[in-house]
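Engineer: Show me how the following folds:
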Amino acid sequence: MISYPIKLTPDDNDTLFATSPDFPELKTFGDDEDDALMHAVDALEEAIAYRIAHREELPRPSRGKIRATLPTQAAMKVLLYQAMMDQGLRKADLARRLAWHGPQVDRLFDLNHASRIDQMDAAFAAIGRRLEIGLSDAA
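Structural biologist: Residues are numbered from 1 along each chain as shown. Now for the predicted structure:
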């Protein structure tokens, strides 16, 4: 799982203001800690989607006690994007390697699109990577 630190600060409206040191653009709030973290996950996905769309780097998660965890599908897409950025690859390079059309590759990076696991596996393989899945006890 990928989780980013979230700072929760009480504000004047009896709500919690949520920010992230890794994504300065992330600003949201909630009625309590659970609500603020739920909104923080949504805001985090929006920040990531914006950075992917503009071909900007995604930070690796820093330390922090309170964290917003990305859904599994979003985490896979982030890992694919980061691996491609590390190798200096673009979506067009991936499309050529997979012999796919551009819109098919675009959907791999669309956090609102439920990509099939076999397509994600093919994309990772095309860049010389493999996705490994593990299981741990719930917190």
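Engineer: ranges for the helices of the chain?
Structural biologist: 33-53, 72-86, 91-98, 102-108, 117-126 (DSSP state H).
Engineer: closest one to residue 63 among these?
Structural biologist: helix 33-53 (16.3 Å; Cβ to Cβ). Heads up, the C-betas are built off the backbone N, CA and C, glycines and all.
Engineer: any idea how far residue 102 lies from residue 96?
Structural biologist: Residue 102 is 10 Å from residue 96, where distance means Cβ to Cβ, to the nearest Å.
Engineer: swap that for residue 87, please
Structural biologist: Residue 87 is 14 Å from residue 96, where distance means Cβ to Cβ.
Engineer: Ok, residue 7 next?
Structural biologist: Separation of residue 7 from residue 96 (Cβ to Cβ): 42 Å.
Engineer: Which residue of those two possesses the greater neighbour count?
Structural biologist: residue 7 (15 against 12; other Cβ atoms under 10 Å).
Engineer: Settle this for me: that one is touching residue 21, isn't it.
Structural biologist: Yes - using Cβ atoms under 8 Å, residue 7 is in contact with residue 21, at 6.9 Å.
Engineer: which neighbours do those two share?
Structural biologist: residue 64 (Cβ atoms under 8 Å, 6 or more residues apart in numbering).
Engineer: mind giving me the domain split of this structure?
Structural biologist: 3-69, 72-126 (automatic domain parsing).
Engineer: Save those domains as JSON lines, and put in mean pLDDT and distance to residue 138 too.
Structural biologist: Output for the domains of the chain, formatted as JSON lines (pLDDT from 0 to 100; distance: least, Cβ to Cβ, whole Å):
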{"stretch": "domain 3-69", "mean pLDDT": "96", "distance to residue 138": "12"}
{"stretch": "domain 72-126", "mean pLDDT": "97", "distance to residue 138": "14"}
